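**Q** Got a sequence here, can you model it:
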Amino acid sequence: MHEADATTWSPLQAADRVLISYALTMIPDWRQAVANAHAMLAPGGLLGVVDFHLPRGGRLNGFWRRWFAHDGVHLSAEHLTVLRESLPDHWHTERRAAMPYLPIAAPYYLFIGRRE
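**A** Reported below is the predicted structural model:
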């Protein structure tokens, strides 16, 4: 495990797996973080991402954007789109999870993409 800048860090050798867990929403240059994760994967390597997001057409998106922004979390419907475009060989699902102190569930996604 390494702790470093997700937009610039590079491993000594290509990685078989890269995991981004509830972090894209807190990385200002998240597009570069996705590109860097993709670049560090070996052919056939997997990128796994889980994070909160704004589903397209979600009627509570304005609420979720404001709620999460209090903690420096910046939701976007673009994250999942960019991930799917970056790794066309992928699986993903959108789900909802219970949140403390709220009677409604927050939207999140799971994504696993394979580098060709």
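**Q** Poorly predicted segments of the chain, please.
**A** 1 (pLDDT under 70).
**Q** can you pull out the helices in it?
**A** All helices of the chain, identified by DSSP state H, fall at 30-40, 61-69, 78-86.
**Q** closest one to Leu47 among those helices?
**A** helix 30-40 (5.4 Å; Cβ to Cβ). Where you see a C-beta, it was placed from the backbone N, CA and C, and this is true even at glycine.
**Q** relative orientation of that closest one and helix 78-86 in degrees?
**A** Comparing the axes of helix 30-40 and helix 78-86 via axes from the mean of the first three to the mean of the last three Cα atoms, to 10 degrees yields an angle of 30 degrees.
**Q** quick one: helix 30-40 to chain centroid distance?
**A** Chain-centre distance of helix 30-40: 11 Å, with Cα atoms, centre = their mean, to the nearest Å.
**Q** Of all the residues in that helix, which ones are buried?
**A** Neighbour-count burial for helix 30-40, counted by 16 or more other Cβ atoms under 10 Å, picks out 30, 33-34, 36-38, 40.
**Q** what's the closest of these to Leu19?
**A** Leu19 has its nearest neighbour among the buried residues of helix 30-40 in Ala37, at 9.0 Å by Cβ to Cβ.
**Q** neighbours around Ala23, how many?
**A** By the criterion of other Cβ atoms under 10 Å, Ala23 has 15 neighbours.
**Q** Closest one of the buried residues of helix 30-40 to Ala6?
**A** When those are compared against Ala6 (criterion: Cβ to Cβ), the nearest one is Ala33, at 4.1 Å.
**Q** Met40 is in contact with Val18, isn't it?
**A** Yes - Met40 is within contact range of Val18, at 6.2 Å (criterion: Cβ atoms under 8 Å).
**Q** biggest strand in the chain by residues?
**A** Of all segments of type strand in the chain, defined using DSSP state E, the longest is strand 41-52.
**Q** Strand partners (parallel or antiparallel) of that strand?
**A** Strand 41-52 pairs in its sheet with strand 15-21 (parallel), strand 105-114 (antiparallel), by DSSP bridges.
**Q** which of those sits most buried?
**A** Comparing the strands paired with strand 41-52 by mean neighbour count (mean count of other Cβ atoms under 10 Å), strand 105-114 ranks first with a mean of 18.
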